[in-house]
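Peer 1: pasting the sequence and the predicted coordinates here, then a few questions.
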Amino acid sequence: KFLFVCFPQAKYISQCIDEIKQELKQDNIAVKANAVCKLTYLQMLGYDISWAAFNIIEVMSASKFTFKRIGYLAASQCFHEGTDVIMLTTNQIRKDLSSPNQYDTGVALTGLSCFVTPDLARDLANDIMTLMSHTKPYIRKKAVLIMYKVFLKYPESLRPAFPRLKEKLEDPDPGVQSAAVNVICELARRNPKNYLSLAPLFFKLMTSSTNNWVLIKIIKLFGALTPLEPRLGKKLIEPLTNLIHSTSAMSLLYECVNTVIAVSMTWSFFQLCVQKLRILIEDSDQNLKYLGLLAMSKILKTHPKSVQSHKDLILQCLDDKDESIRLRALDLLYGMVSKKNLMEIVKKLMIHVDKAEGTTYRDELLTKIIDICSQSNYQYITNFEWYISILVELTRLEGTRHGHLIAAQMLDVAIRVKAIRKFAVSQMAMLLDNAHLIASNTQRNGICEVLYAAAWICGEFSEHLEEANQTLEAMLRPKVTTLPGHIQAVYVQNMVKLYASILQQKEQSGEKEAAQEITQLMIERLPQFVQSADLEVQERASCILQLIKYIQKLQIKEVPVAEEVIALFAGELNPVAPKAQKKVPVPEGLDLDAWINEPPSDSESEDEKPKTIFHDEEQRHSRHRQPEIDEEELARRREARKQEQANNPFYIKSSPSPQKRYQDTPGVEHIPVVQIDLSVPLKVPGMPMSDQYVKLEEERRHKQKLEKDKKKKKQKKEKRGKHHRHNSLHTESEEDIAPAHHVDIITEEMPENALPSDEDDKDPNDPYKALDIDLDKPLADSEKLPVQRHRNVETLKSPDSEAPLVEKKSKKPKKKEKKHKEKERDKGKKKEKEKKVIEEEEEKKVILQDLHYKSSKHKKKKHKKEKEEKSKDKKKSKKKSHHSEEETTESVQNGTLDDEPLPVSSCALAALALGEGRSQTTYDIQGNLQNDSQVTVSVIFENKSTSFLKSMELNVLDSLNTKMLRPEGSSVHDGIPVPFQLPPGISNEAQFVFTLQSIVMAQKLKGTLSFIVKNDEGSTHEKLDFKLHFSCASYLITTPCYSDAFAKLLESGDLHMSSIKVDGISISFQHLLAKICFHHHFSVVERVDSCASMYSRSIQGHHVCLLVKKGENSVSIDGKCNDSTLLSNLLDEMKETLSKC
Amino acid sequence: GCLRQQTWKIHFILLFSRQGKLRLQKWYTTLPDKEKKKIIREIVQIILSRNQKTSSFVDWKDLKLVYKRYASLYFCCAIEDQDNELLTLEVVHRYVELLDRYFGNVCELDIIFNFEKAYFILDEFIIGGEVQETSKRSAVKAIEDSDMLQETVEEYMNKPAF
C-alpha cells in the first residue's frame, strides 16, 4: 500500500490491478475484501473500477461486518444510477436493513444514501419508513435522513411517510429530532406552502432548542415560510432578537441576520442587524468580513438607507489585501450611491484606480465606476460635466481592456444629454488633439477606442466646436493612419461633417479664401486614407476625396456650396433602446423563418458583422492580449502624470470656454486656483480634473441647502408637528439635491406597440417540483407504499409502529373505519396542540394574530357588559379562560384593559384591545435617536369587525411631563386624526410623537379613540378608552458596548448604584438574559458562567450598567446608572418581568 | 446545470494536499466519473492558487466552495447558495476534530494509510450531504463501537496485511 501511494505510476498501477484481479478470484472473503479496499483507493486516484462491481456486491453480502463495511464503502464510492448490477443488491440491502446488528443496518443506510436509485427507493421505502420507528436512536436518525433521498427519487412515498416523519420532530432523542428537523426543513425550503401548518410546532422547537445546528435549520425554514404568511414575521421578532443578542456562535448569528434580511422586518430590527454586520466587517477574520459584506449587499436591496450610513467602512474595505473582499465592497458601493454621495464615492474609487496593482482589478474598478454612474439612466448624476471629466480621466488608464466601454459612455451621454454637448465636444476635441498619448495602445478594445467616440462626437456636434480648424487638423494627422481600421473610418466620415460646418461658417462670413484653404487641406491629406489597407477606410476616403474635389471645382467658380454639403448630414440621430429591435411586433402573415432566397453554401464570416455602438456585445470578442507598450514610454507617462498631480491639484484647463462657465457658478472665488508653473512640462495639457467639480458641487449644494433651510423655517412656523413620520429622517433627502443645470435625459426609443417583456424563466426540470405535494390531505388507498412481504421485515417491526400504513395491509372494510377514527383522533390532537400554543403565546404577551377569531355577536355583548361593570375580577376570568375560542380573544385583551396596563417596549408588541371586537390595536414605543425628548409610538389598528371604520381620531390626556405632539394651533382637547380608514379585517399603522421632559419615571397616559362605524344598518359614532404605558425601558435604546469601555464606565465612579434580588427563578440563565435583552433593551457585554454584565443607554444619554448573577433559584441584579431614580424604576420593572418567570 | 440535480446541502467534500494530491472525495450528488475528475482538477487548482490570507469562500459556478487548510491538507466543501458558510466551516472543523480524536493528533499520513477509516468517520458524521450527528460525543462513540466490533472479530487479526 505504501508503495503505490508514493509511486502511483501507470506501470505500477497496472501491476497492482492485475494483482487485485487475482485476489478477487480467490474464495477467501477476507482476501476479496482487501482487494476491494485497494480498488476503492485506486478509484479515488481516478482509476475506473466499475468492472469490479460484481465483486463489490459479493463483499457487501459478506456476513462479517468488517468486510461488509468495505463492500458498502466501495459501492457508495462508485455505484450510481447507471450501474446495472445495482438492482441485484435490493434483497441484500433489505436483509442488512433488518439485521439485528445495528451497525449492519447503519452501514446499509449510509450506503443507500449514496447510490439509491428510483427502483431501490420504491422497493425499500417501506423498510426505511419502518426503521424510522426502530428502537435504537442510532438507526432512527439515519433512517429519517435517508428518507429525504427516498422522497427525491420516489416522490410518491412522501405522503404516506410524512405523518411518521412529523412524529419524529418530537422524538425523545435529540439526534433523531434534529434529523427530522433537517429533513422537513429541507423539504419545506423547496415547497414552503405545504408546510405552513407546521409553523407553530417549529416555533415551539425554535424557542426551546439550544442546538445551534437545529436552530439554524429552523430559522432558515421560517425564512422560507414568512413570505407566505407575513404574520409569522412579527412572531419571529422576539426569538430572533434574543438569539442575536445572546448567541456566541457566529454561524447562528449570521443565519439570523440573513433571515431577517430575507423576510424584511421592522426598521429597528434592521438597524440591529446592520449593527451586528458592522461588527462582523470590522473583525480581523477575513471570513467574517467577507460574509458581513455579502449580507450587507442583501440588505442593500431592500433597505439601502440603512447600509448607506456605513459607507466609510465599506470604502475602507477597498484597501483590503484580499481581492475577494475588495470586489464584494465594490459590489456594495454600486447600490449605495445616491445623488448626495456619488461624487465622493467615485473620487475615492479614482484614487484606488491609480493605486491598483494589476490590470484585472483596475479594470474591475473601471467598469464599476461606469456602472455606478450610469445605473438607472444616470439617476444619480447631478453634474454631467463632472462625469465627462471622469470619463476623460479614465482614458489615461494604460493597458485597459475597456476602452470600448468608456467610448460607449461618452457617446451615450453626449447624445442623450443635450445640455452637455458643448462641454463634451470641447473635451473630445482635446482628446483628439492629444491622440498621440492614447493611440499608442492600438489593441482591440484598448483605450484607443475612445478616439472613436471623440471623433464621432466632434463631427456630429461640430456646431459646438470652438476651434473646428484645429480639430480638423488633428484628425488629419499622419499618425491617425496607425489607428485600427474602424476608428479611422469614423475619423474619415466625421472629418467631412467638420469640414461641412467650417465651410458653412466661412461662407457665411464671406471668407472665401479661408474656405478654399480648408478644401485644399482636405484634398492634400485625404490620400493617406485612400491608401489604407482597411477596405472601409479606403472606400469612404476615396468617395469623399472625389466629393471634395468636386466642391473645389464649384468653389473656383464661386458657387456657394456649404448649404448642400451640410444637407448631407442633416437630421437628428436619436438613441434607440438596445432591446427595441426585439420588441418590434411581427406583422401578421410574415414568417421570419422562411427563406427569402435559398442560402448560399458557405456562410459569411463572423468578422463582417456590423458594429453596434450601444451594445456591450463587443466585450465578448475581446482578446486578452497584453498591451504592447515599451517600458520607456510607460515610465515617461507615469512620470508625467505624477508631476501633473503633484503640481496642479486644482488645475483649470486652458480652453477658455469652460472657464467662463465656472466663473458663472456661485462660490467659485473660494477655490484656491494654483498658478500654473510653466517650467513644469505638462504632457497632458488641458485634461480636466474631476476633483474640482466635487468642490464646486459641494459649494453649490451648501448654498442650495441654506436657501431651502430658510424656506423650511418659514414653513415650520406655519405647520409644526404635522409630520410625525418624517421626524426621524434627519438626513438631507435625495430629492433635495437639484442637478447643476437643467438636464434633459432623452429616453431611448422603443418601437410603437412594443411587445410586453418576455422574461419568464422557471426551470421545468427542477427535481424538487416533484415534491410539491399537499401533505394535509388525508391519505388515499392508492397511496400506500409498495410492501414486499419478507420475513425479516415482519420480525423487526417495533410494537409501537401502528401507523396508517401498516394498518392498510389489513382487510379492506376495517381499513376505512380505522382510518376515519384516526382522522378524528388527529384532529383532536391538533386542537390540543393549538391550545397549548395559545397558552404559551399568551404568557409571552405576543399576539398571535391568527389565533384571534372573528368577533361574534355573543362576544360583543359580553364585552359591553364587562365594560359597563368595569369588572375587577378580570384576572380570574383570565385564569379560567383558554377553554373556548371566544375566551381566548378575551384573555389576550384583558392584559391591556386592566387598570394596570402592560409594560411596553420598543420591540415587544403589546396588545391594546379597543374592545367590542371592533378594532384591535397594537402599539410600540420607540425612542427617537435624534431627539432626546421625543418618543414615537407606532400603533397598529386592526379592524376585527365586519363593519367599515372611518374618521378615527386618537386623543390622549397629556400629563405635565408627557405630551402628545399636536399640530400647531390645536388645543390639548383636539385629537389627532388617524390618516386612514379601515375596511373590515384590515390593519394599518399610524405613528404619534410624544414629547417628554423627564424620562426617569414611567408614565401612564389615558386616551380615547373615537371613530365612525359604518355598516348596512347605517353609521354610529363610537369611542374607546385605552391607556398607554411608557415604561422606563421604552426610553432605553439597545446599544452595544465593548467590555473595555464598560470597565472604564464603571471605574469613572459617577454612577449611582442599586440592586434587586428575585427568588423563585426557574428558567435558564441564557433565557433570563434574553428576556432582559428583549424586554428591557439591554445588550450583553460579557458573560462568564452564571454571571453577566449588560449595558444600555437612554435616549437622554444615561448609561445603565447591570451585573446579573444567577444563584440556585434566585437572581440578583446590581445596577449602576447616572440617575438613581431611573435606575430604581428600571430595576423595579425588571423585577416585575422576572417574577413572572 | 447538472450539479443542481438530486442534491441537497453539501454537494461534495474533497480533501487534498498542498501538492494537489487528492486524499479523499465524497460525492453527495451523482455525476459521471469524467465530470467528477474535471471538477476536482478545477477546484484543486482554484483553491491552491488562492492567497493564504484570503477568505475561505469562493463562488464557483452556481455553488459556493468553503475550504480550510489544516496543516498540509485542504478540506473543501461545495454548498448551495442559500447555505450557511460559517456552519460549513464548523462542519469541516468538526470532521477534523473527529479525525483527531480517532487517530490521535491526525496527520496527512493517517488519512493515506487508513483512508477507509477516514471515510467511515465521515459517513458517521454526514449522511447524504447532511450532518447526522451534531453531538461530538455520540459520533465518536458510534465510530468506536463499530470499531470495537471490528477489533473483536477474530478474522481481523488474520486479515492479510496491505
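Peer 2: Looks like it arrived, so ask away. Please read these numbers as outputs of a predicted model, since none were measured by experiment. Numbers count the residues shown, from 1 in each chain, chains lettered A, B, ... in the order given.

Peer 1: can you tell me which helices and strands the host helix or strand of A:N34 packs against?
Peer 2: Per DSSP states H and E: A:N34 is located in helix A:29-44. The contact analysis (3 or more C-beta pairs under 8 Å, 6 or more residues apart in numbering or on different chains; DSSP states H and E) places helix A:29-44 against helix A:10-25, helix A:53-60, helix A:65-78, strand B:22-27, helix B:115-125. Quick note: C-beta positions are derived from backbone N, CA and C, even for glycine.

Peer 1: return the most buried member of those.
Peer 2: Counting by mean count of other C-beta atoms under 10 Å in any protein chain shown, helix A:65-78 has the highest mean neighbour count of the helices and strands packed on helix A:29-44, with a mean of 24.

Peer 1: show me where chain B has its helices.
Peer 2: Along chain B, the stretches classed as helices by DSSP state H are B:33-48, B:85-103, B:108-113, B:115-125, B:136-152, B:154-158.

Peer 1: touching, A:V978 and A:L954? I think so.
Peer 2: Yes. Here A:V978 reaches A:L954: they are 6.0 Å apart, a contact under C-beta atoms under 8 Å.

Peer 1: joint contacts of these two?
Peer 2: A:A990, A:L1009 (C-beta atoms under 8 Å, 6 or more residues apart in numbering or on different chains).

Peer 1: which residue is the nearest non-sequential neighbour of residue 56?
Peer 2: You didn't pick a chain, so chain A it is. A:A74 (4.6 Å; C-beta to C-beta, 6 or more residues apart in numbering or on different chains).

Peer 1: that was the other one, I meant chain B.
Peer 2: Using C-beta to C-beta, 6+ apart, the nearest residue to B:S56 is A:N287, at 5.1 Å.

Peer 1: buried sites along whichever strand or helix holds the one you found?
Peer 2: Per DSSP H and E, A:N287 falls inside helix A:286-302. Of the residues in helix A:286-302, A:286-297, A:299-300 count as buried by neighbour count, 16 or more other C-beta atoms under 10 Å in any protein chain shown.

Peer 1: OK, contacts around A:I381?
Peer 2: So A:I381 contacts A:K339, A:L342, A:C373, A:Y387, A:P739 (C-beta under 8 Å, 6+ apart).

Peer 1: quick revisit: how about the helix holding A:N287 as PDB, C-alpha atoms only?
Peer 2: The C-alpha coordinates for helix A:286-302 follow below in PDB (Å, rounded to 0.1, in the frame of the first residue of the first chain):
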ATOM      1  CA  GLN A 286     -11.300  37.600   6.600                       C
ATOM      2  CA  ASN A 287     -14.200  35.200   6.600                       C
ATOM      3  CA  LEU A 288     -16.400  37.300   8.800                       C
ATOM      4  CA  LYS A 289     -15.500  40.400   6.900                       C
ATOM      5  CA  TYR A 290     -16.400  38.700   3.600                       C
ATOM      6  CA  LEU A 291     -19.800  37.400   4.900                       C
ATOM      7  CA  GLY A 292     -20.600  40.700   6.500                       C
ATOM      8  CA  LEU A 293     -20.200  42.400   3.200                       C
ATOM      9  CA  LEU A 294     -22.200  39.700   1.500                       C
ATOM     10  CA  ALA A 295     -25.100  40.100   3.900                       C
ATOM     11  CA  MET A 296     -24.800  43.900   3.600                       C
ATOM     12  CA  SER A 297     -25.300  43.600  -0.100                       C
ATOM     13  CA  LYS A 298     -28.500  41.700   0.500                       C
ATOM     14  CA  ILE A 299     -29.800  44.400   2.900                       C
ATOM     15  CA  LEU A 300     -28.900  46.900   0.300                       C
ATOM     16  CA  LYS A 301     -31.600  45.600  -2.000                       C
ATOM     17  CA  THR A 302     -34.400  46.200   0.500                       C
END
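
Peer 1: quick check: angle from it to helix B:85-103?
Peer 2: 150 degrees (axes from the mean of the first three to the mean of the last three C-alpha atoms, to 10 degrees).

Peer 1: and helix A:286-302, how far out from the chain's middle?
Peer 2: How far helix A:286-302 lies from its chain's middle: 8 Å, per C-alpha atoms, centre = their mean, to the nearest Å.

Peer 1: rewinding a little: the residue nearest to A:I56 contacts A:T40, correct?
Peer 2: Yes. With contact defined as C-beta under 8 Å, A:A74 counts as touching A:T40 (4.6 Å).

Peer 1: joint contacts of these two?
Peer 2: With C-beta under 8 Å, 6+ apart, A:A74 and A:T40 have common neighbours A:I49.

Peer 1: any weak-confidence spans in chain B?
Peer 2: Along chain B, the parts satisfying pLDDT under 70 run over B:1-8, B:134, B:149-162.

Peer 1: filter the contacts of A:I381 to the buried ones?
Peer 2: Applying 16+ other C-beta under 10 Å to the contacts of A:I381 flags A:K339, A:L342, A:C373, A:Y387 as buried.

Peer 1: how near is the second one to chain B?
Peer 2: For A:L342, the distance to chain B (C-beta to the nearest C-beta, to the nearest Å) stands at 28 Å.

Peer 1: ok, A:A500 touching A:E564?
Peer 2: No. Taking contacts as C-beta under 8 Å, A:A500 lies outside contact range of A:E564: 9.3 Å.

Peer 1: so the two - more neighbours on which side?
Peer 2: A:A500 (22 against 12; other C-beta atoms under 10 Å in any protein chain shown).

Peer 1: mind checking which helix or strand the more buried one is in?
Peer 2: helix A:485-508.

Peer 1: and that helix, what does it pack against?
Peer 2: helix A:449-460, helix A:468-475, helix A:512-525, helix A:527-530, helix A:535-556, helix A:562-567.

Peer 1: in contact with the residue nearest to A:I56, which residues?
Peer 2: A:V36, A:C37, A:L39, A:T40, A:Q43, A:I49, A:A52, A:I56, A:V59.

Peer 1: how about 10 Å then?
Peer 2: A:33, A:35-41, A:43, A:49, A:52-53, A:55-57, A:59-60, A:111, B:116, B:119 (C-beta atoms under 10 Å, 6 or more residues apart in numbering or on different chains).
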